[in-house]
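Chemist: Output the structure for:
(one chain, ligands or ions: 2)
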Amino acid sequence: MDGLPEFRVLTPRSVAAAVAAGARPGSRFVAGGTDLMANLRHGIGEPGTLIDLRDIPELHGIAAGPLGLSLGAAVRLAELAEHPAVAGPYPALAAAALAVGGPAHREAGTIGGNLCLDTRCLFYNRSAWWREANGYCMKHRGDICHVAPTGKRCHAAFSGDLAAPLLAHGAEVEIAGPHGLRRQPLGDLYAEDGAAHLLLAPGEFLLRVLVPPDPWPAAYAKARARGAIDFPLAGVAVALRLEGTGVTGLRVALTGTNSRPFLLAGTDALLGAPVDAGWRERLGKLVQKQVSPMRTTLLAAQYRRRVAAALAERLAGHLADAATP
Ligand SMILES: Cc1cc2nc3c(=O)[nH]c(=O)nc-3n(C[C@H](O)[C@H](O)[C@H](O)COP(=O)(O)OP(=O)(O)OC[C@H]3O[C@@H](n4cnc5c(N)ncnc54)[C@H](O)[C@@H]3O)c2cc1C
Ligand code: SF4
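Modeler: Ligands and ions are numbered 1, 2, ... in the order given. Predicted structure coming up:
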C-alpha cells in the first residue's frame, strides 16, 4: 500500500463543533478509519482535514425503549453484536455486525462508517499506480468505466453488511448538518450511482440509527469469496411474519449487488400464502429481477444474482420452519 497523504485531524467534542468543522473546504469525516484510511493510502481522495467523530457523546450508546433501539453512529460493530438489546431481539443485525471483516475491523469499525462505506469495484480498490496504469476510471480521475465502457454511470457496489438488516427492520437515520437535524428512512440515504451513492449534503453526518420496536423474526446471510474476512458479494436480510402458516409480513433487503442497498419491491404479492417450494421460487425470481450485479468483483455477476436469490429463499425457509411448531 502507498503512504498516506498529509492531513490534519480535528477531534470535536460536540455535534455543533463537528458541524462547524465540517464547513471547512476539503474536510472529511472519519470514525474507525478501517475503510477511509485504506482508500486514502490508495490515493483515493486527499482531504486536507479529517474530522474524527468518535469523541462526540451523542454518537455513542445503545438504548432500547418503547420506541425501539437507538444506536449511536460511533458505536463499534463488536459492541453492537454483543449488546443484549441487539443480540436477543435483533439477531439479523447482530449476525450482520459479526459478518463484517475480521475481529480487528469490528473492534474499530463503526455503525456510521459501515452505513456510509464507499462503494467498491475491482478496478477502483487498487493502488494508485495500478489505477494510473489502467487510465483510472470514471469514478475517480478517469473518464471511462472499465465495467460498462458505454455506460454513463459508475456501477461500483455498496458492500456494507449492516444496511440490509436495518432496512429489513424499517430503520431510520438521524442526520446532523449545517441546517440542523433531520430524520429519514435509511433507504433514502442511498442512490443507485456508484460514484455518488450517499445522499448527504456537504457537512452532514449520521448521528444515530433508530430501529422500530417489536421486530419481525429476521435473519441475515452473505456470500463471500473468503469465509474469514470478506465483503458481501451478495448480502440478504429477510424479515418474515407468519400467522398460522400464512405470510402476513415480508421485507427482503439486499446489499453487495447494486450501488445501493435496497428493499425488494413487490413482496406484497407473496403475502397470504405459506412458505412452500412454489412460494420460495417466486421470491427467488423477484430477487433475480431486481438485483443488478455488474463485473465489479472477481466473481461473475450471474453467480451473484443467483446466490442472492438462493440466500433469500433459504432464509425465508428457515424463518418459516422456526416459526412452525
Ligand atoms: C480487509 C477488510 C475487510 C472488510 N470487510 C468488510 C465486510 O465484510 N463487510 C463490511 O460491511 N465492511 C467491511 N470492511 C469495511 C469496514 O471495515 C467496515 O465497513 C467498517 O464498519 C467501516 O466503519 P469505520 O468506522 O471504520 O468507517 P471509516 O473508515 O471511518 O469511514 C468510512 C466512510 O464513512 C464515512 N463516515 C464515517 N462515519 C460517518 C458518520 N457518522 N456519518 C457520515 N459519514 C461517516 C467516512 O467519511 C468514510 O467515507 C472491511 C474492511 C477491510 C479493510
Ligand atoms: S464501476 Fe466503472 S466507474 Fe465505477 S469504479 Fe468500477 S470501473 Fe470505475
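
Chemist: can you list the weak-confidence ranges in the protein?
Modeler: Residue ranges of the chain with pLDDT under 70: 1-2.

Chemist: Return the alpha-carbon coordinates of the longest helix along it using PDB.
Modeler: Using DSSP state H, we find that the single longest helix of the chain is helix 301-323. Provided in PDB are the C-alpha atoms of helix 301-323 (Å, rounded to 0.1, in the frame of the first residue of the first chain):
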ATOM      1  CA  ALA A 301     -22.400 -11.100 -12.000                       C
ATOM      2  CA  GLN A 302     -24.600 -14.100 -12.800                       C
ATOM      3  CA  TYR A 303     -23.300 -16.000  -9.800                       C
ATOM      4  CA  ARG A 304     -24.100 -13.000  -7.500                       C
ATOM      5  CA  ARG A 305     -27.600 -12.700  -8.900                       C
ATOM      6  CA  ARG A 306     -28.300 -16.400  -8.400                       C
ATOM      7  CA  VAL A 307     -26.700 -16.600  -4.900                       C
ATOM      8  CA  ALA A 308     -28.700 -13.500  -3.800                       C
ATOM      9  CA  ALA A 309     -31.900 -15.300  -4.800                       C
ATOM     10  CA  ALA A 310     -30.800 -18.600  -3.200                       C
ATOM     11  CA  LEU A 311     -30.000 -16.800   0.100                       C
ATOM     12  CA  ALA A 312     -33.300 -15.100   0.200                       C
ATOM     13  CA  GLU A 313     -35.200 -18.400  -0.500                       C
ATOM     14  CA  ARG A 314     -33.100 -20.200   2.200                       C
ATOM     15  CA  LEU A 315     -33.500 -17.600   4.900                       C
ATOM     16  CA  ALA A 316     -37.300 -17.400   4.300                       C
ATOM     17  CA  GLY A 317     -37.500 -21.200   4.600                       C
ATOM     18  CA  HIS A 318     -35.500 -21.200   7.800                       C
ATOM     19  CA  LEU A 319     -37.600 -18.500   9.400                       C
ATOM     20  CA  ALA A 320     -40.800 -20.200   8.400                       C
ATOM     21  CA  ASP A 321     -39.500 -23.600   9.800                       C
ATOM     22  CA  ALA A 322     -38.500 -21.900  13.000                       C
ATOM     23  CA  ALA A 323     -42.000 -20.300  13.400                       C
END
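
Chemist: Other residues contacting that helix?
Modeler: 217-223, 233-234, 236-238, 240, 242, 245, 247, 250, 252, 254, 256-257, 264, 274-275, 279-281, 283-285, 287-288, 291, 293-295, 297 (C-beta atoms under 8 Å, 6 or more residues apart in numbering). C-beta coordinates here come from the backbone N, C-alpha and C atoms, glycine included.

Chemist: Closest residue of the stretch 151-300 of the chain to ligand 2?
Modeler: Going by C-beta to the nearest ligand atom, ligand 2 is nearest to Cys154 of the stretch 151-300 of the chain, at 3.1 Å.

Chemist: which non-adjacent residue is nearest Glu46?
Modeler: Nearest in space to Glu46, with sequence neighbours left out and distances taken as C-beta to C-beta, 6 or more residues apart in numbering, is Pro5 at 4.8 Å.

Chemist: Pop out the phi and psi values for that neighbour.
Modeler: phi -70, psi 170 (degrees, to the nearest 10).

Chemist: Now intersect the contacts of helix 301-323 with the strands, please.
Modeler: Counting by DSSP state E, the contacts of helix 301-323 place 218-223, 234, 236-238, 240, 242, 247, 250, 252, 254 in strands.

Chemist: And the strands in this protein, which stretches?
Modeler: In the chain, strands defined by DSSP E lie at 8-10, 27-30, 49-52, 62-65, 68-72, 172-177, 180-185, 205-211, 218-223, 234-243, 246-255, 262-263, listed in chain order.

Chemist: The longest helix of the chain vs ligand 2: in contact?
Modeler: No. Helix 301-323 does not reach ligand 2 (C-beta under 6 Å from any ligand atom); its nearest approach is 11.7 Å.

Chemist: can you list the residues of the stretch 51-200 of the chain near ligand 2?
Modeler: Listed as neighbours of ligand 2 in the stretch 51-200 of the chain under the rule C-beta under 6 Å from any ligand atom: 121, 123-124, 137-139, 145-147, 154-156, 194.

Chemist: so can I have JSON lines of the residues you listed showing neighbour count?
Modeler: Listed next are these as JSON lines, based on neighbours: other C-beta atoms under 10 Å:
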{"residue": "Cys121", "neighbour count": "25"}
{"residue": "Phe123", "neighbour count": "21"}
{"residue": "Tyr124", "neighbour count": "26"}
{"residue": "Cys137", "neighbour count": "22"}
{"residue": "Met138", "neighbour count": "23"}
{"residue": "Lys139", "neighbour count": "23"}
{"residue": "Cys145", "neighbour count": "24"}
{"residue": "His146", "neighbour count": "18"}
{"residue": "Val147", "neighbour count": "21"}
{"residue": "Cys154", "neighbour count": "24"}
{"residue": "His155", "neighbour count": "24"}
{"residue": "Ala156", "neighbour count": "27"}
{"residue": "Gly194", "neighbour count": "26"}
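
Chemist: Lovely, talk soon.
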